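In: Next come a sequence and a model predicted from it.
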Amino acid sequence: MSAGDPLDRPVYATGGYKPFGDFTIADAEAISRELTAATGWGPTARVAVVARGWSELAATMTAARAATVADLDAKEVIAFARRLWVVPPDGTLL
C-alpha cells in the first residue's frame, strides 16, 4: 500500500496508539466490547455501528486466520479502515 496507507494510521488501543495494521483479533474484540458498553440511546446509538464493525473485523480476521489486520486482503483493509473511521470520511475529520 502507499504512504497514506491505512495500515500505518495510528489507532488507540488499550495502553496507547499503534498502527492499524498491527491490530490483532484480541484488540478488535476489546475495542468492540468497550464501544458496545458506551452505546446507549440518542446520539450514542451511533457508536453501536462502529462497535459492530470492530466485531466484524475480528470475525473476518478469525475466518482468514489473520494474526493482524495487515494479514488481510488490501481491499478488506481499506473497507474496514473507512468503516471504523481509521480513515475518516472524505479523508479528514475537519
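Out: Thanks, I have it.
In: How about the residue in the protein that sits furthest from its center?
Out: Most distant from the centre of the chain: residue 42, at 22.8 Å, with distances by Cα atoms, centre = their mean.
In: And that residue, how close does it get to residue 48?
Out: Separation of residue 42 from residue 48 (Cβ to Cβ, to the nearest Å): 12 Å. In this view, the C-beta of every residue, glycine as well, is placed from N, C-alpha and C.
In: Can you list the residue ranges for helices in this structure?
Out: 25-38, 47-64, 74-83 (DSSP state H).
In: can you list those in TSV and add mean neighbour count, mean pLDDT and distance to residue 6?
Out: Listed next are those as TSV, based on neighbours: other Cβ atoms under 10 Å; pLDDT from 0 to 100; distance: least, Cβ to Cβ, whole Å:
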stretch	mean neighbour count	mean pLDDT	distance to residue 6
helix 25-38	17	94	14
helix 47-64	17	95	12
helix 74-83	16	95	4
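In: Please identify which of those is closest to residue 15.
Out: Closest to residue 15 of the helices of the chain, according to Cβ to Cβ: helix 25-38, at 10.0 Å.
In: Thank you kindly, that will do.
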